[in-house]
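>>> Got a predicted structure plus its sequence, pasted below:
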Amino acid sequence: MVAIITDQLKKVLVQDLFDENEGTNVGDSNNHYYITVGRSQSWQPVENTDVSPSPVNTERERRLLRYNMQSSIAINNFSFVIPLKDWSANSNYSQYNDNVAGQPATSYYVRTEDNNVYIVIRTGKDANGTVQVSTVKPDHTDTTLPIETDGYVWKFLYTITTTNANNFLTGEFMPVKFIDSAVGTDPEFSQFSVQNAAVPGQIIGYRVTTKGGVYSSAPSISVEGNGTGARAKAVLNTAGGVEAIEIDDSNGAGNIVTRMGSGYDYANVVVNGTNLSVGGITAAAVPVFASPAGMGADAREDLRSGSIMFNVKPAGNVSGDWIVDNDYRQLGILRNPTQFGSTTLFTDASGIAQNRITLTTSPGANTIQYANDIKITGGTSGAQAWLDFHDDSNGLWYHQDETTGFVAFTNSEVVTIDGYTASTLTINQALVTPDFDKFTGDLLFIDNKSTATTRDADQTEDIKLVIKL
């Protein structure tokens, strides 16, 4: 038995996550999502190599990330996204097809340099119905369907706003969203207008399944179904077969928007055989339906989005909650961690995941080279840990894993720092607790970065994580 997950289910699952994070559903405001960073030591510190392993979907992998966790920041920016497809002259694009799963190899939508997004209603074809390259960049931003001089028909869906581009546009992905409401001065009003103008039950194209022939001239086409208004015309190839069927009247005089019809749940295409040669084979075709609510009603449906991007921009040390002057190699998404030592949810905008010890005197942070995978060791307890940061309060931020063990440091013991040979360093306070318990909450996402990211106090980082079904 073979089963599939449909695009609709993927969107439902992503929408549930989107709504839950946004707090739009009952009870969902009690959920809190954070992007976490961690792992300051190299991937193979003993071997002195730093090759990131591919994460695996196991409980142990999630536990290892928790060991390495440094800090978190609340997720407030998120969007549905789709693969980025830029329009370029003299390129082929596919006509929208409801019989193709996911994203086809040849894109059926584009983003132009103006950040306008269009979907292909009709490809340009020569007199024999052969698909041609696109040479005219679409630039309309209304609900019309102009036929460009290269024969392509593009439907405008939306414009990526400057804010959304800054937050969610990358070299691989671009944002797509549904607009709940907008007024004429809003930058998303053009998309809102397209949504409101969408016509349910449209037939936006035809797919020839049998070319048939030989026809002495293009046969007339009729559409039978429970809707009204769909019109089409045939295009013959040099062999006398039906190479393509286009939206239009048979005489080519119709308006494309109105000739898509409306109200169709089902339909079949009838190819007239009057001008078919004796013994010839009748051509056959099937209609291509838009999304049920109509093309443009929901760009997420039209563009088959099954991914969501989360974006955070930590600035400097994030009010003292993030490590600087060191690096990290792992990213995660954590839902509903609790406050340390409590069952109460952690709800702050950011937080520290690491334990700290405070010293009676400062070791002098400028002499510590964090990138060298430094360990600290307790002289009495024998505790070991990876040192991540030295703050202005003589605090040493650290984490422990299976290589260091999990022995606790003790008050008043002397500690040594790898590569640091200054005067005696004595622990004043053996445990300054973190803001949240990194071993609580649901770990939903793991990304092992191929290169370490170094942070400093003057840096604002742009972290974008994509969850794709």
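That came through, no problem.

>>> For stretch 204-211, which outside residues touch it?
With contacts defined as Cβ atoms under 8 Å, 6 or more residues apart in numbering, stretch 204-211 is touched by 95-97, 99, 121-122, 221, 232, 237, 239, 241-247, 260, 269, 281-290, 295. For glycine as for every other residue, the C-beta is placed from the backbone atoms N, C-alpha and C.

>>> Repeat that for stretch 142-152.
With Cβ under 8 Å, 6+ apart, stretch 142-152 has contacts from 93, 120-125, 132-136, 138, 140, 153-156, 190, 193-194, 197, 256-257, 296.

>>> element containing the residue of the chain positioned farthest from its centre, please.
The centre of the chain is farthest from one residue, Val278, which by Cα atoms, centre = their mean lies 55.0 Å away. Per DSSP states H and E, Val278 falls inside strand 276-281.

>>> Tell me the buried residues in that strand?
Neighbour-count burial for strand 276-281, with 16 or more other Cβ atoms under 10 Å as criterion, is recorded at 276, 280.

>>> Quick check: neighbours of it in the sheet, parallel or antiparallel?
In the sheet, strand 276-281 lines up against strand 213-215 (antiparallel) (DSSP bridges).

>>> hmm, who's touching the partner strand?
234, 236, 239-242, 275-277, 280-281, 283.

>>> now those in a markdown table, with pLDDT and distance to Arg66?
A markdown table is the format used below for the contacts of strand 213-215 (pLDDT from 0 to 100; distance: Cβ to Cβ, whole Å):
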| residue | pLDDT | distance to Arg66 |
| --- | --- | --- |
| Ala234 | 92 | 63 |
| Leu236 | 91 | 66 |
| Ala239 | 91 | 66 |
| Gly240 | 93 | 69 |
| Gly241 | 94 | 63 |
| Val242 | 94 | 62 |
| Asn275 | 90 | 73 |
| Leu276 | 94 | 70 |
| Ser277 | 92 | 74 |
| Gly280 | 93 | 70 |
| Ile281 | 94 | 65 |
| Ala283 | 96 | 62 |
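
>>> Output those residues in CSV; the columns should cover distance to Asn31.
Converted to CSV, those look like this (distance: Cβ to Cβ, whole Å):
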residue, distance to Asn31
Ala234, 54
Leu236, 59
Ala239, 61
Gly240, 63
Gly241, 57
Val242, 54
Asn275, 64
Leu276, 63
Ser277, 67
Gly280, 64
Ile281, 59
Ala283, 55
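
>>> Am I right that Val194 falls within a helix?
Yes - assessed with DSSP: H, G, I helix; E, B strand; the rest coil, Val194 lies in a helix.

>>> Enumerate every residue touching the closest residue in space to it that isn't next to it in sequence.
Excluding the flanking residues, the one nearest Val194 by Cβ to Cβ, 6 or more residues apart in numbering is Gly296, at 4.3 Å. By Cβ under 8 Å, 6+ apart, the contact set of Gly296 is 143, 155, 157, 194-195, 197-198, 302.

>>> Helix, strand or coil: sort out Gly296 for me.
Classification of Gly296 using three-state DSSP returns coil.

>>> same question, Asp327
At Asp327 the chain is in strand, as set by three-state DSSP.

>>> looking at it, it is touching Gly38, isn't it?
No - Asp327 lies out of contact with Gly38 (Cβ atoms under 8 Å); the separation is 10.4 Å.

>>> out of the two, which sits in the busier spot?
More neighbours surround Gly38 than the other of Asp327 and Gly38, with 24 against 20 (other Cβ atoms under 10 Å).

>>> Count the neighbours of Leu54 for me.
One correction, residue 54 is Ser, not Leu. 6.

>>> can you check Ala239 too?
Ala239: 11 surrounding residues under other Cβ under 10 Å.

>>> Spatially nearest residue to it (excluding sequence neighbours)?
Gly213 is the one closest to Ala239 (Cβ to Cβ, 6+ apart), at 5.9 Å.

>>> Just the residues contacting the helix or strand containing Met309, thanks.
Using DSSP H and E, Met309 maps to strand 307-312. Contacts to strand 307-312, defined as Cβ under 8 Å, 6+ apart, come from residues 14, 17-18, 33, 35, 73-82, 167-168, 173, 175, 333, 462-469.

>>> so how far is Ile256 from the residue nearest to Val194?
Distance, Gly296 to Ile256, using Cβ to Cβ, to the nearest Å: 14 Å.

>>> which residues pair with the closest residue to Asn76 other than its chain neighbours across the strands?
Setting aside the residues directly before and after it, Asn76 is nearest to Val312 in space (Cβ to Cβ, 6+ apart), at 7.6 Å. Beta-bridge pairing of Val312, defined through DSSP bridges, involves Ile463.

>>> any chance you could map the strands in the stretch 201-350 of the chain?
203-210, 213-215, 221-225, 228-230, 232-236, 242-247, 260-262, 267-271, 276-281, 284-289, 307-312, 326-335, 350-352 (DSSP state E, counting those that start in this stretch).

>>> right, and those - which one's nearest Thr416?
Among these, strand 326-335 comes nearest to Thr416, with 19.1 Å by Cβ to Cβ.

>>> Quick check: neighbours of that closest one in the sheet, parallel or antiparallel?
When sheet partners are counted by DSSP bridges, strand 326-335 sits next to strand 33-38 (antiparallel), strand 442-455 (antiparallel).

>>> Return the mean pLDDT over it, rounded to an integer.
The average pLDDT for strand 326-335 rounds to 92.

>>> how big is the angle separating it from strand 307-312?
Counting by axes from the mean of the first three to the mean of the last three Cα atoms, to 10 degrees, strand 326-335 lies at 130 degrees to strand 307-312.

>>> what's the neighbour count on Val223?
Val223 has 22 nearby residues by other Cβ under 10 Å.

>>> Quick one: the helices in the stretch 1-150 of the chain, in order.
Along the stretch 1-150 of the chain, counting by DSSP state H, counting those that start in this stretch, helices occupy 7-22, 59-68.

>>> Residues in contact with the shortest one: which ones?
Contacts of helix 59-68 from elsewhere in the structure, counted by Cβ under 8 Å, 6+ apart, are 36, 38-41, 55, 330, 332, 399-402, 438-439, 443, 446.

>>> ok, these vs Gly379, which is closest?
Nearest member of the contacts of helix 59-68 to Gly379, counting by Cβ to Cβ, is Gln400, at 16.9 Å.

>>> For Asn272, see how far away that closest one is.
From Gln400 to Asn272 the distance is 79 Å (Cβ to Cβ).

>>> Which residue of the two possesses the greater neighbour count?
Neighbours around Gln400 and Asn272, counted as other Cβ under 10 Å, are more numerous at Gln400. The numbers are 19 against 16.

>>> what are the phi and psi values for the more buried one?
phi -120, psi 150 (degrees, to the nearest 10).

>>> which non-adjacent residue is nearest Phe192?
Ala182 is the one closest to Phe192 (Cβ to Cβ, 6+ apart), at 3.9 Å.

>>> a helix runs through Thr358, doesn't it?
No - counting by three-state DSSP, one finds Thr358 to be strand, located in no helix.

>>> still on that earlier bit, worst mean pLDDT among the helices of the stretch 1-150 of the chain?
Going by mean pLDDT, the lowest-scoring of these is helix 7-22, which has a mean of 61.

>>> quick one: Glu402 from Ile308, how far?
Taken as Cβ to Cβ, the span from Glu402 to Ile308 is 33 Å.
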